[in-house]
Every structure is written in C-alpha cells, then in structure tokens.
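Undergrad: Structure of the sequence below:
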Amino acid sequence: MAKPKQKTAKPAAAKKASKTHAQKAHALKIPVPARDKLDPATQAYFAKCDEKIGFVPNVLLSYSFDAKKLRGFTDMYNELMLGESGLSKLEREMIAVAVSSINHCFYCLTAHGAAVRQLSGDPKLGEQMVMNYRVADLTPKMRAALDFAAKLTERPDKIVESDRETLRKAGWSDKDIWDIASTASFFNMSNRMAAAIEMNPNDEYHGAFR
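TA: Sure thing, here's the model as predicted:
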C-alpha cells in the first residue's frame, strides 16, 4: 500500500479518537476488526496513518473487514490522488470536492475539503469548493476541468467531443483529461459508497487547517 498523505496537526488524543471512531465508522452491522486482528500489512498501514496524520480515516476502517477490498481501494486511491500526473495534488483534491459537492457527500466533503485547505493554505477556497466551486477565484484552466467533472457527474451520457476539446483549448493534455475523468469517476463511486453505508467522517477533519 502506498504511503498516506503528509502529516497534519496531530490531536493530543489521536489514538483514543481512532479507537472511538472505529465503532461508528458506518451504519452497517459489519464490525470494524480490532487492530491486532488485522493482517500485518494493514496493521503497518494503519500505524503509518497514526504516525503521519494522527488517526486512521474512517473510510479505511470501513473497508478493513476485507483486506482485498481495502487494498483495492487504497491502491486505486493512492495512484489517482498521489501518483504521477499532469494534475497537481491540489487540483485533484479540488475535483474530488467539486464532485462530492454535487453528490452532497458528507464524508468526502469533510475529508477532502480539509485537504484543499491544507494544500492551498486557503481556508476560504476550501469553503468555496465545498459550497459551489463556481464562486471560487479559479484559473480558466481549472474551471474548465471542474466544469467537465461536474458534467461527467450530472450528465455522463451527454459528454461529447466538444467537451474534451474545451479541455484541450484550456491547456490540458489528453493524459490530463484521462486523469480528470478518472478522479471524477472514482469520487462518484466513493460518494455513493459513503452514502450507502452512512460513512462518518473523523472529527479531526472538521477543524483542520482553518
């Protein structure tokens, strides 16, 4: 599994919080395994989360009942959001938030809204992205990417060549278009999973980087 994001402000009761949140990660009657019952790779990954950000995100706890499902999720997430790309990490997080805003995903808006605040150093931008990306002071290039992600979310059957050409004219390469689409698509899936199981965001996200 790839490494978690860089360290955030670490709460004093981080380890206690992680254990508490494990009991309410989601609404399904699928218990979150005790840490010592997880396979060694997952234990090591969660220990790295504790070390770097002070807690284990509830999305990971939610998947932890099945090591294969967890690895599939984290491998895809880390490649899309942290791997090499023509899009910066902030740009990818902004796509995640724009999509999650349309889908009203409480978990992803809370977690990735915090990531936008962290990476941009701009709490106002984080709030604007959560509420409506169209009110944010964005470059024409980034606005084109978010418009595409929004259309892919709301009207995927209406995507046509002129939409891709608009991205090219804004300065995105075809590989970038792939990454924009992949990120938007991944978060549409994640938003729906979070809604289906009533996934709860960790409390630590709410006050971070404000």
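Undergrad: Now for the nearest residue to residue 87 once chain neighbours are set aside: which residues touch it?
TA: Leaving aside its sequence neighbours, residue 87 sits nearest to residue 179 (Cβ to Cβ, 6 or more residues apart in numbering; 5.3 Å). To be clear about C-beta, it is placed using only N, CA and C from the backbone, and glycine gets the same treatment. Shown in contact with residue 179 (Cβ atoms under 8 Å, 6 or more residues apart in numbering): 80, 85-87, 92.
Undergrad: Now rank the residues you listed by neighbours and give me the top one.
TA: Counting neighbours by other Cβ atoms under 10 Å, residue 92 comes out on top of those with 26 neighbours.
Undergrad: was I right about that one contacting residue 184?
TA: No - counting by Cβ atoms under 8 Å, residue 92 stays clear of residue 184, with 9.9 Å between them.
Undergrad: Identify the residues contacting stretch 39-49?
TA: Here stretch 39-49 makes contact (Cβ under 8 Å, 6+ apart) with 1, 3-4, 35-36, 38, 55-57, 60, 64, 67, 70-71, 74.
Undergrad: just those now: which is nearest residue 105?
TA: Proximity of the contacts of stretch 39-49 to residue 105 (Cβ to Cβ) peaks at residue 57, which lies at 14.1 Å.
Undergrad: does the spatially most central residue of the chain sit in a helix or strand, and which one?
TA: Compute the mean C-alpha point of the chain, and by Cα atoms, centre = their mean the closest residue is residue 112, 4.9 Å away. Per DSSP states H and E: residue 112 is located in helix 106-120.
Undergrad: would you put the C-alpha positions of that helix in CSV?
TA: Output of helix 106-120 as CSV, limited to C-alpha atoms (Å, rounded to 0.1, in the frame of the first residue of the first chain):
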residue,chain,number,x,y,z
PHE,A,106,-20.8,14.5,3.8
TYR,A,107,-17.8,12.2,4.3
CYS,A,108,-15.8,13.3,1.2
LEU,A,109,-16.7,17.0,1.6
THR,A,110,-15.4,16.9,5.1
ALA,A,111,-12.2,14.9,4.4
HIS,A,112,-11.3,16.4,1.1
GLY,A,113,-12.4,19.9,2.0
ALA,A,114,-9.7,19.7,4.7
ALA,A,115,-7.2,18.5,2.1
VAL,A,116,-8.0,21.5,-0.1
ARG,A,117,-7.5,23.8,2.9
GLN,A,118,-4.2,22.1,3.7
LEU,A,119,-2.7,22.0,0.2
SER,A,120,-3.8,25.5,-0.8
